[in-house]
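1. When you get a sec, could you give me coordinates for this:
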Amino acid sequence: MTTTDAPADARPDAPAAPSARTAPGVPSRVVGTSHARLAAWVREVVELVEPAAVRWADGSEQEWRALTDELVAAGTAIRLDPARRPDSYLVRSDPGDVARVEDRTFICSRTPEDAGPTNNWVDPDEMRAELTGLFRGSMRGRTMHVIPFVMGSLRAERPMFGVEITDSPYVVASMHVMATVGAEVLAQLERTDADFVPCLHSVGAPLEPGEEDVPWPCSETKRIVHFPEERSIWSYGSGYGGNALLGKKCYALRIASVVARDEGWLAEHMLVLRLTDPAGEVHHVAAAFPSACGKTNLAMLQTTLPGWTAETVGDDIAWIRPDARGGLRAVNPEAGLFGVAPGIGWSTNPTAMRAVAAGRSIFTNVALTDDGDVWWEGMTDEPPAHLVDWRGRDWTPASDEPAAHPNSRFCTPIRQLPSLAAAYEDPEGVSLSAILVGGRRRTTVPLVVEARDWHHGVFLAATLSSETTAAATGQVGVVRRDPVAMLPFIGYDAGDYLSHWLRVGEGLSPERRPKIFCVNWFRRGDDGRFLWPGFGENTRVLAWVVGRAAGRGDARETPVGLVPPVDALDLQGLDADPDDVRAALAVDADEWRAELPEVGAWLDALGPTVPAALHAEREELARRLG
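-> Have a look, this model is predicted:
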């Protein structure tokens with residue numbers, strides 16, 4: 001390993017190596033830290049979880065090599081063909097550990113009112129007692145890894161530090177990709193005596209002497225717990241994704257949303273896109289979409305309008321802060337892409353495909369080809385004749401089940417993304433022109449609608465909806481509402497969260513406040529056809545959006561907001577019937593009247609903290625509909 005393995009009884013507060021930095025190619029020898037609070041916490045955790053050894057992550061190339069070799073030797077990872085996938089690995093999880101476990105995710109604020117009706121709440125003292133019992137001895141027979149990390153830039157005015165303790169080498173390797181980790185982070189943490197978010201994780205599978213390990217250890221008991229007032233995270237029993245990579249959804253959204261509320265900014269489940277128009281004018285757009293609504297594809301947009309370029313600043317999370325001029329600036333706090341693989345392919349998102357083709361990627365629960373490559377549904381137009389599926393079974397196109405799990409993932413460094421904007425590196429972020437929210441609706445919601453003002457925009461975001469369909473029959477399923485695509489990730493009461501959005505907007509300059517738009521790429525005709533081609537053609541909608549944000553372009557008044565007339569969109573060269581586009585932009589008053597009771601019931605379900613301004617927006621919508 002690239003760091004010294006310390007026995008479990010080694011002093012975690014031992015002095016760090018001089019400067020805690022290493023020359024290129026020289027392994028770090030950090031076996032402790034001069035940061036008093038970190039040292040005390042590590043010592044406390046060692047006493048609780050009883051590991052066989054303690055290993056401090058240094059973030060080096062040698063450490064990556066040692067981790068991936070260890071994962072391959074343990075049977076956890078398969079090294080892919082280096083000619084096809086350089087330095088890349090396939091991992092298969094336990095079939096019972098394949099996704100976030102929202103029903104076992106908790107916001108343990110001091111009172112249930114602080115968590116609100118959309119979060120699971122348990123008294124924090126009660127939960128802490130349960131977790132202490134679960135974690136006691138949980139790392140016996142395993143190595144405890146200590147991972148200093150920062151979300152966002154180390155050059156930020158106030159870097160957002162965390163330290164994750166885990167017994168999963170898969171987590172350490174994935175954190176190498178998803179965050180800035182290691183000796184340089186620890187050195188700055190020590191030098192500034194900075195606060196950090198302690199993140200404790202265990203797969204919950206201690207090994208007794210002589211007991212044989214399994215490739216993917218985990219526990220049937222799973223708890224993903226956030227203590228917002230303490231700014232701490234405990235995760236037990238799962239090794240998968242956001243359950244275990246605690247810098248991602250747990251820190252960068254659930255805990256960060258609480259920090260943002262207290263400090264006057266926003267931590268959001270949003271992509272950030274940089275658009276440059278033919279005149280060279282630059283615009284930045286943040287956009288919130290629930291799952292299966294085109295978020296990754298939009299983040300890596302390939303434009304179809306001549307003279308327009310699009311670059312990626314972020315694909316999943318945005319931290320958005322007011323600036324000194326009364327506008328909003330957004331940064332992407334992540335260093336990697338942790339994307340859902342199925343549906344991403346050379347025909348739909350070649351930008352993402354090129355990023356993973358560059359190598360140094362960890363694929364989880366996708367299929368293995370006979371020549372040592374990976375495959376998932378949607379990657380190519382035709383599937384291979386034979387695969388080994390995500391469970392390790394033979395698979396052919398005649399098989400009844402998909403080859404890759406629907407939530408299978410690729411974990412890839414963001415700097416391998418061909419579309420990555422240079423502005424990604426700016427610790428102060430990019431100035432936002434517009435904010436988009438969007439869902440998947442067959443009817444009712446038009447292709448694009450502009451909010452009349454900030455309050456109306458927050459109302460559109462608060463009542464954001466997507467519908468599920470039964471794929472075999474095409475029947476319309478349940479409409480689900482997801483405020484700002486944050487429902488699983490708000491670290492406090494949802495009504496208070498929406499009030500915070502209103503407060504942030506009210507503090508901005510009217511001239512620099514981003515405009516808010518709602519989009520729906522998925523409107524269908526009576527015959528079930530998509531009315532809008534989507535993908536790169538969404539550039540045409542974005543061109544209208546940023547034009548409106550700059551005070552240009554036509555719009556027509558409708559009961560639900562401002563909608564472009566068909567001729568306000570640049571449709572030159574578009575292979576679509578203008579009547580289809582007109583239908584995609586239509587606002588049907590009867591459909592919206594039918595929607596009103598659901599909107600009202602949703603706001604009521606969020607409880608008494610929903611701001612009166614949003615109830616007033618619903619009443620205004622009803623008045624406009626007549």
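2. mind showing which ranges of the protein have poor pLDDT?
-> 1-31, 468-477 (pLDDT under 70).
3. Centre-most residue in it?
-> Residue closest to the average C-alpha location in the chain (Cα atoms, centre = their mean): D316, at 4.1 Å.
4. quick one: that one from L574, how far?
-> 29 Å (Cβ to Cβ, to the nearest Å). Yep, even glycine has a C-beta here, placed from its N, CA and C like the rest.
5. next one: P209
-> Applying Cβ to Cβ, the value for P209 to L574 is 68 Å.
6. Specify which residue of the two has the higher count of neighbours.
-> Using other Cβ atoms under 10 Å as the criterion, P209 and L574 rank with L574 on top: 16 against 7.
7. just checking, the more buried one touches W532?
-> No: L574 lies out of contact with W532 (Cβ atoms under 8 Å); the separation is 9.6 Å.
8. Would you state the helices of the stretch 401-550 of the chain in chain order?
-> For the stretch 401-550 of the chain, the helices defined by DSSP state H, counting those that start in this stretch occupy 454-462, 494-506, 538-549.
9. Tabulate these in JSON lines, adding columns for mean neighbour count.
-> Formatted as JSON lines, those follow (neighbours: other Cβ atoms under 10 Å):
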{"stretch": "helix 454-462", "mean neighbour count": "24"}
{"stretch": "helix 494-506", "mean neighbour count": "20"}
{"stretch": "helix 538-549", "mean neighbour count": "23"}
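10. Relative to G280, which of those is closest?
-> Among the helices of the stretch 401-550 of the chain, the nearest to G280 by Cβ to Cβ is helix 538-549 (13.1 Å).
11. just how off-centre is that closest one within its chain?
-> On the basis of Cα atoms, centre = their mean, to the nearest Å, helix 538-549 sits 24 Å off its chain's mean C-alpha point.
12. Kindly list the longest helix within this structure.
-> Longest helix of the chain, by residue count under DSSP state H: helix 589-605.
13. Can you tell me what sits against it?
-> The contact list for helix 589-605 (Cβ atoms under 8 Å, 6 or more residues apart in numbering) reads 117, 443-444, 462-463, 479, 481, 559-560, 610, 614-615, 618, 621-622, 625-626.
14. Can you say which of those are buried?
-> Applying 16 or more other Cβ atoms under 10 Å to these, the neighbour count classes T443, T444, A462, T463, R481, V560, V610, L614, R618, L621, A622, L625 as buried.
15. and of those residues, the nearest to E268?
-> Among those, and counting by Cβ to Cβ, the member closest to E268 is A462, at 13.4 Å.
16. and the nearest residue to the closest one once chain neighbours are set aside, how far is that from K515?
-> Residue nearest to A462 in three dimensions, not counting chain neighbours: P483, with 4.7 Å by Cβ to Cβ, 6 or more residues apart in numbering. In this view, P483 and K515 are 19 Å apart by Cβ to Cβ.
17. of the two, who's got more company?
-> Each of P483 and K515 has its neighbours counted (other Cβ under 10 Å); P483 has more, 25 against 22.
18. right, and the more buried one touches A461 too?
-> Yes: P483 lies in contact with A461 (Cβ under 8 Å); the separation is 6.3 Å.
19. before we move on, back to that, out of the buried ones among the contacts of helix 589-605, which two are the most distant from each other?
-> T443 and V610 (25.9 Å).
20. re the thing from before, and the helices of the stretch 401-550 of the chain: which comes nearest A173?
-> Across these, closest to A173 is helix 494-506 (Cβ to Cβ), at 33.5 Å.
21. tell me how far that closest one is from the chain's mean position?
-> The chain centre lies 21 Å from the centre of helix 494-506; the measure is Cα atoms, centre = their mean.
22. Please enumerate residues in contact with it?
-> Residues outside helix 494-506 that contact it (Cβ under 8 Å, 6+ apart) are 116-118, 257, 260-261, 264-266, 322, 328, 454-455, 457-458, 461-462, 483-484, 486-487, 490, 513, 606-611, 613-614.
23. got a list of what D167 touches?
-> Counting by Cβ under 8 Å, 6+ apart, D167 touches V49, P51, S138, M139, R142, T143, M144, H145, H201, S202, V203.
24. what about V285, helix or strand, and which?
-> V285 is located in strand 282-288, with elements delineated by DSSP states H and E.
25. partners of that strand, with directions?
-> Sheet pairing here is set by DSSP bridges, and for strand 282-288 it gives strand 270-276 (antiparallel), strand 434-438 (parallel).
26. now what about that strand, what contacts it?
-> In contact with strand 282-288 (Cβ under 8 Å, 6+ apart) are residues 268-277, 295, 298-299, 313, 318, 320, 330, 423, 430-438, 461, 464, 484-486, 514, 519, 542, 545-546, 549-550.
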